[in-house]
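Colleague: Need a 3D model of the sequence below.
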Amino acid sequence: MKRFQNVTPERQAAILDAAAAEIATYGLSGASINRVITAAGMSKSSFYHYFEGKDDLYAAVTQRALDDLLAAMVPGAPPATASDYWAMWEAMYRAFLQRQLTDPVLAALNWSAIQARADGTAHPALELLAGQMRQWLEALILQGQALGAVRTDLPQDLLMDATFGMLEGGDRWFAATWSEMSETRVAEAAARIIGLLRDLTEQKGERE
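Modeller: Below you'll find the predicted structure:
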C-alpha cells in the first residue's frame, strides 16, 4: 500500500470512495475488487500496483474512515475546567454520531466494523485501529485527570480497560439501533452515553 501514498489526493479519494461504497453495500466478504476497479475507472494492473489485495484495500478504507471520524471529534478549544472537560466529551460524541448521519457509507463501514469486533470476527486491520483508538482515549483520560475531572483511585490500566469497554458497549448499541436514529435521538443518546461515562470515570465528589 506504500505506492498508493504517492497517488494524488484526488485519485486516492476516488479509489477509496469506490471501495468504501462497495464494502458498505456488500460487506467485506461480498465486496468485489472488479466492481471497485470499474467504479474507480482504473485497470486491474494499477489496482495491484497499489494494493496487495482486498485485505490491503480494506485497511486503507477503514483507516480513512477512522481518520474522518476523529477529525469530526476535534474539540474547538482545550478544556480549562472539569466542567469544560465533560462538555467537550458530549460535544465530541455528538459530532461523532452526527458525522455518520450525514454520510451513510461512513456509518455502514463503522457500525459493521464494530459489529465484527463484537462477534469476534474482526479483520486484523480493525485491531490496529482499535489500538489507535485506545491511544486517543488514553490521552483524553490523562487530560481529564490533570483537570481533576477523572478519577485517579484506580490502577490506570483498569480505568483504561473499563472506559474502553464501556464506550465499545455504547458503539455496539448504536450499531444495532442506527436505523432508528435521527438528529434529535442522536443528541439525546450522546448525552446518555456520556452520562454513563461520567458515572464510571468521574472523580468522586466532583458531580453534584
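Colleague: Now do the contacts for the most centrally placed residue in the chain.
Modeller: Among the residues of the chain, the one closest to the centroid is residue 66, at 4.6 Å (C-alpha atoms, centre = their mean). Residue 66 is in contact with 129, 132-133, counting by C-beta atoms under 8 Å, 6 or more residues apart in numbering. Using the backbone N, CA and C atoms, a C-beta is placed for each residue, glycine as well.
Colleague: any low-confidence regions in the chain?
Modeller: Applying pLDDT under 70 to the chain flags residues 1, 205-208.
Colleague: show me where it has helices.
Modeller: Using DSSP state H, the helices assigned to the chain run over residues 9-30, 33-40, 44-50, 54-72, 82-101, 104-119, 124-146, 156-177, 183-201.
Colleague: With respect to residue 3, which of the ones you listed lies nearest?
Modeller: Taking C-beta to C-beta, helix 44-50 is the member of the helices of the chain nearest to residue 3, at 5.4 Å.
Colleague: what's that closest one in contact with?
Modeller: Residues outside helix 44-50 that contact it (C-beta under 8 Å, 6+ apart) are 1, 3-4, 7, 15, 33-34, 36-37.
Colleague: Which PyMOL command selects the buried ones in those?
Modeller: Buried residues within the contacts of helix 44-50, by 16 or more other C-beta atoms under 10 Å, are selected in PyMOL with:
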select buried, resi 4+15+33+36+37
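Colleague: Distance to residue 105 added to the contacts of helix 44-50, as CSV?
Modeller: Listed next are the contacts of helix 44-50 as CSV, based on distance: C-beta to C-beta, whole Å:
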residue, distance to residue 105
1, 20
3, 25
4, 19
7, 20
15, 14
33, 18
34, 19
36, 13
37, 18
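Colleague: for the contacts of helix 44-50, which one is nearest residue 197?
Modeller: residue 1 (34.6 Å).
Colleague: and residue 74, how far is that from residue 62?
Modeller: To residue 62, residue 74 is 20 Å away according to C-beta to C-beta, to the nearest Å.
Colleague: Over to residue 41?
Modeller: Residue 41 is 23 Å from residue 62, by C-beta to C-beta.
Colleague: Kindly report the same for residue 51.
Modeller: Applying C-beta to C-beta, the value for residue 51 to residue 62 is 13 Å.
Colleague: same check, this time on residue 101
Modeller: Per C-beta to C-beta, residue 101 is found 20 Å from residue 62.
Colleague: cool, and residue 90?
Modeller: For residue 90, the distance to residue 62 equals 26 Å [C-beta to C-beta].
Colleague: between those two, who's got more neighbours?
Modeller: residue 62 (22 against 17; other C-beta atoms under 10 Å).
Colleague: Surely that one and residue 129 touch.
Modeller: Yes: using C-beta atoms under 8 Å, residue 62 is in contact with residue 129, at 6.0 Å.
Colleague: residues shared between the contacts of these two?
Modeller: Common contacts of residue 62 and residue 129 (C-beta under 8 Å, 6+ apart): residue 113.
Colleague: what sits against residue 200?
Modeller: Applying C-beta under 8 Å, 6+ apart to residue 200 gives the contacts 162-163, 166.
Colleague: I'd like the distance between it and residue 102.
Modeller: 29 Å.
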